[in-house]
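**Student:** quick one, what's the 3D model for this:
(4 chains)
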There are 2 protein chains.
Amino acid sequence: MRDPLPQLPGYSLRRAAHATAAELGARLATLGLRQVDASALILMAQNADITASALGRQLDIQRANMVPLLKRLEDERLIERQPLDGKSQALLLTAAGRERMEAALEIIHAFENELLARIPKEHRDHLLPALNALWR
Amino acid sequence: MRDPLPQLPGYSLRRAAHATAAELGARLATLGLRQVDASALILMAQNADITASALGRQLDIQRANMVPLLKRLEDERLIERQPLDGKSQALLLTAAGRERMEAALEIIHAFENELLARIPKEHRDHLLPALNALWR
DNA sequence: TATTGTTATACTCTATAACTATA
DNA sequence: TATAGTTATAGAGTATAACAATA
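**Tutor:** Model prediction:
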C-alpha cells in the first residue's frame, strides 16, 4: 500500500491525537472522567473561584457546552458553585473533587511519560514546543 | 490564569490537532471536501483498484462508516466502482476526481508549509518523526 | 451594552450490531 | 470460516440561536 499521508504533519497530527486520546481516555474512564473533565478539574484547582465562562474560554469550550459538563461534575459532588455576584458564580473543588483531580493527574503524568518514551531521544524534547507553536 | 495544561504533550496534541484541523477543514471546504474525503482521494490515486475495506483499514475508518463517505464521492462523480469479483469492488478516481484530488493536494501542501513555518527552526524537523512515533 | 448562565436543538462523527452474499 | 458491502441506529461531541438577568 502506497500511503503518502503520514508524511503530512497535519495528517500525522490528526492520527497521533486520535490514538493518544483513545488511550488516555480509557485510563481516565477508570475514574469516571473524560479528558475534558480532568482538564476542567485541573484548571479549577489552579484557579480558585474561576467562573464557568472563564473556564470555557481557557479550554476553548463554548458557554453552552459547559453546562452539561459542570452539571455532571456537580452531580458527582466533585465541584460546588458559590455566587460571586448576582450573575457570576465561582467554581470550587470539593474534597472529593480534589482527590479525583489528583488521581487524574497521576494517570496523566504517567501517560505523558509513556508518550515521551515512545519518541526517539533526538526528537523527544522538540515535540511540546513544536506543538505549542501550532496553536498557542 | 494559571494553566499547566499546555505543559502536557497529550493536551497540546489535542489542542494543536483541533486548531489545525479547523483551519485545513475550512480551506478544503472550498472544494466541497472534508479532510477525510481528501485523504481517501489521495490514497485511491496512489493505489489503483483499492477496495473500500482496505481503504478503511488504512485510514482507520470502519467499514460501515465508509459507506456514506464513498457514496458522497460517488454522487459527485469523483469516484467510480468496478466489480473485482462477486463481493469486492475496486475504487477508481474519475477524471473529475483526479482534478479535485490534485486541487486538494495543493491546498494541503500549502497548509503544511504554513504549519511548519510557524514552528521555530530548531524544532521544525522533529515534529513529524515525533508524531509518527506516537501512532504508527 | 456586554456578559453570565441557561435551554433547546441540530449537526457531524463515530461505534456497534446485524444481515446478505461471496471468497 | 472469514471477508466485503451494507443497513440501521445510538451515542458523543460540538455548534448555533435565543433568552432572562445582571454587570
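
**Student:** work out which residue lies at the spatial centre of chain A.
**Tutor:** The centroid of chain A falls nearest to residue A:39 when counting by Cα atoms, centre = their mean (3.2 Å).

**Student:** am I right that that residue is in a helix?
**Tutor:** Yes. Assessed with DSSP: H, G, I helix; E, B strand; the rest coil, residue A:39 lies in a helix.

**Student:** which strand or helix spans the residue in chain A positioned nearest to DNA strand D?
**Tutor:** Nearest to DNA strand D, among the residues of chain A, is residue A:86, at 2.5 Å (Cβ to the nearest atom of the strand). Placement of C-beta: from N, CA and C, glycine included. Taking DSSP states H and E as the definition, one finds residue A:86 inside no helix or strand.

**Student:** for the lengthiest helix in chain A, which residues meet the burial criterion?
**Tutor:** Taking DSSP state H as the criterion, chain A has its longest helix at helix A:95-118. Buried residues in helix A:95-118, counted by 16 or more other Cβ atoms under 10 Å in any protein chain shown: A:97, A:100-101, A:104-105, A:107-108, A:111-112, A:115-116.

**Student:** OK, contacts around the residue nearest to residue A:127 when sequence neighbours are not counted?
**Tutor:** Among residues not flanking residue A:127 along the chain, residue B:130 sits closest, at 4.3 Å (Cβ to Cβ, 6 or more residues apart in numbering or on different chains). By Cβ atoms under 8 Å, 6 or more residues apart in numbering or on different chains, the contact set of residue B:130 is A:119-120, A:123-124, A:126-127, A:130.

**Student:** kindly give the local confidence score, pLDDT, for residue B:130.
**Tutor:** pLDDT, residue B:130: 98.

**Student:** could you check the angle helix A:95-118 makes with the host helix or strand of it?
**Tutor:** In the assignment (DSSP H and E), residue B:130 maps to helix B:127-135. Interaxial angle of helix B:127-135 relative to helix A:95-118 (axes from the mean of the first three to the mean of the last three Cα atoms, to 10 degrees): 110 degrees.

**Student:** just the C-alphas of helix B:127-135, formatted as PDB.
**Tutor:** C-alpha atoms of helix B:127-135 as PDB (Å, rounded to 0.1, in the frame of the first residue of the first chain):
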ATOM      1  CA  LEU B 127       7.700  17.300  14.600                       C
ATOM      2  CA  LEU B 128       6.800  14.700  12.000                       C
ATOM      3  CA  PRO B 129       9.100  11.900  13.400                       C
ATOM      4  CA  ALA B 130       7.900  12.600  16.900                       C
ATOM      5  CA  LEU B 131       4.300  12.400  15.900                       C
ATOM      6  CA  ASN B 132       4.700   9.300  13.900                       C
ATOM      7  CA  ALA B 133       6.400   7.600  16.800                       C
ATOM      8  CA  LEU B 134       3.200   8.100  18.700                       C
ATOM      9  CA  TRP B 135       0.800   6.200  16.500                       C
END
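
**Student:** so is it next to DNA strand C?
**Tutor:** No. Using Cβ under 7 Å from any atom of the strand, helix B:127-135 stays clear of DNA strand C, coming no nearer than 13.6 Å.

**Student:** give me the buried positions along that helix.
**Tutor:** Under the neighbour-count criterion of 16+ other Cβ under 10 Å, helix B:127-135 has B:127-128, B:130-135 buried.

**Student:** just to check, residue A:118 is in contact with residue B:135?
**Tutor:** No. In this structure, residue A:118 is not within contact of residue B:135 by Cβ atoms under 8 Å, at 9.3 Å.
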